[in-house]
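Engineer: From the sequence below, what's the structure:
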Amino acid sequence: MVRFDGFSEEWKERKLGELADIVRGASPRPIHDPKWFDQDSDIGWLRISDVTGQNGRIYHLEQKISKAGQKKTRVLESPHLLLSIAATVGKPLINYIKTGVHDGFLIFLNPKFELEFMFQWLEMFRPKWNKYGQPGSQVNLNSELVRNQVILLPNKDEQQKIGEFFKQLDDTVALHEKELELLKETKKGFLQKMFV
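Structural biologist: Next up is the predicted model:
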């Protein structure tokens with residue numbers, strides 16, 4: 001195993017359920033009723049479709065939830081780690097804004113870990129959630145499966161160092177992806193102008 005200088009302490013085996021209170025989000029029903037939503041609200045509404053568009057770090061949400069809707073969901077007002085359990089199964093995300101959380105997510109409340117470290121670990125572990133699915137069926141993650149998942153955990157200082165390292169790599173990848181998209185659009189524009 002590769003370690004940063006200055007860290008030699010053994011990593012401890014823990015269950016995710018020992019490291020946070022893992023609870024499911026909640027959705028007002030029927031979900032498409034307009035009374036649950038209000039574009040003037042300062043509380044966003046986190047949906048599964050928001051996850052992939054922001055690559056796991058939520059800084060803005062298009063849809064907003066009304067006061068009535070807030071009473072039917074779990075509202076987060078500080079950064080939290082979440083895990084999608086429907087559609088894009090097993091995708092971790094860190095939410096940085098005030099939001100109501102759809103029932104397609106698990107929320108890690110009162111964490112005893114560094115958010116960025118656990119985000120990276122869950123991202124690495126994501127393909128392994130498939131072992132809980134039946135052949136030919138959609139994977140179904142529930143809070144009990146997630147709570148019982150075992151992880152090797154370093155101390156908080158090492159967690160922070162690891163989290164920062166991978167976050168920096170993620171930021172660099174995102175920057176290059178934007179540059180690549182811009183180059184593709186530039187090429188497309190020149191192709192249309194030159195090959196009339």
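
Engineer: in this protein, which residue is closest to the centre?
Structural biologist: Compute the mean C-alpha point of the chain, and by CA atoms, centre = their mean the closest residue is Leu93, 1.2 Å away.

Engineer: Give me the phi and psi for it.
Structural biologist: Torsion angles at Leu93 (phi, psi; degrees, to the nearest 10) stand at phi -150, psi 150.

Engineer: Flag the helix or strand of the chain with the lowest per-element mean pLDDT.
Structural biologist: helix 49-53 (a mean of 79; mean pLDDT, DSSP states H and E).

Engineer: Arg57 is in contact with the residue nearest to the centre of the chain, correct?
Structural biologist: Yes. Under the criterion of CB atoms under 8 Å, Leu93 makes contact with Arg57 at 6.7 Å. (Each C-beta comes from the backbone N, C-alpha and C, glycine too.)

Engineer: and the closest residue to Trp11 other than its chain neighbours, what is it in contact with?
Structural biologist: Of all residues not flanking Trp11 in the chain, Leu152 sits nearest, at 4.2 Å (CB to CB, 6 or more residues apart in numbering). Residues counted as contacts of Leu152 (CB atoms under 8 Å, 6 or more residues apart in numbering) are 11-14.

Engineer: swap the cut-off to 10 Å and go again
Structural biologist: With contact taken as CB atoms under 10 Å, 6 or more residues apart in numbering, Leu152 is in contact with 1, 10-14, 121.

Engineer: Show me which of these are buried.
Structural biologist: Among the contacts of Leu152, the ones that count as buried by 16 or more other CB atoms under 10 Å are Trp121.

Engineer: if we take the contacts of Leu152, which one ends up nearest to Lys193?
Structural biologist: Trp121 (47.5 Å; CB to CB).

Engineer: so where does that closest one fall, helix or strand?
Structural biologist: Trp121 is located in helix 115-125, with elements delineated by DSSP states H and E.

Engineer: Now do the strands in this structure.
Structural biologist: Assigned by DSSP state E, the chain shows strands spanning 12-15, 21-24, 44-46, 57-58, 74-76, 80-84, 92-95, 99-101, 105-109, 150-153.

Engineer: from those strands, which stretch is densest packed?
Structural biologist: Of the strands of the chain, the one with the most neighbours on average (mean count of other CB atoms under 10 Å) is strand 99-101, at a mean of 27.

Engineer: Which strands or helices does that one pack on?
Structural biologist: With contacts taken as 3 or more CB pairs under 10 Å, 6 or more residues apart in numbering; DSSP states H and E, strand 99-101 sits against strand 44-46, strand 74-76, strand 80-84.

Engineer: need the contact list for the residue nearest to the centre of the chain.
Structural biologist: Neighbour list for Leu93: 46, 50-52, 54-58, 80-84, 105, 119, 122-123 [criterion: CB under 10 Å, 6+ apart].

Engineer: Glu164 contacts Glu114, doesn't it?
Structural biologist: Yes. Taking CB atoms under 10 Å as the definition, Glu164 is a contact partner of Glu114 at 9.0 Å.
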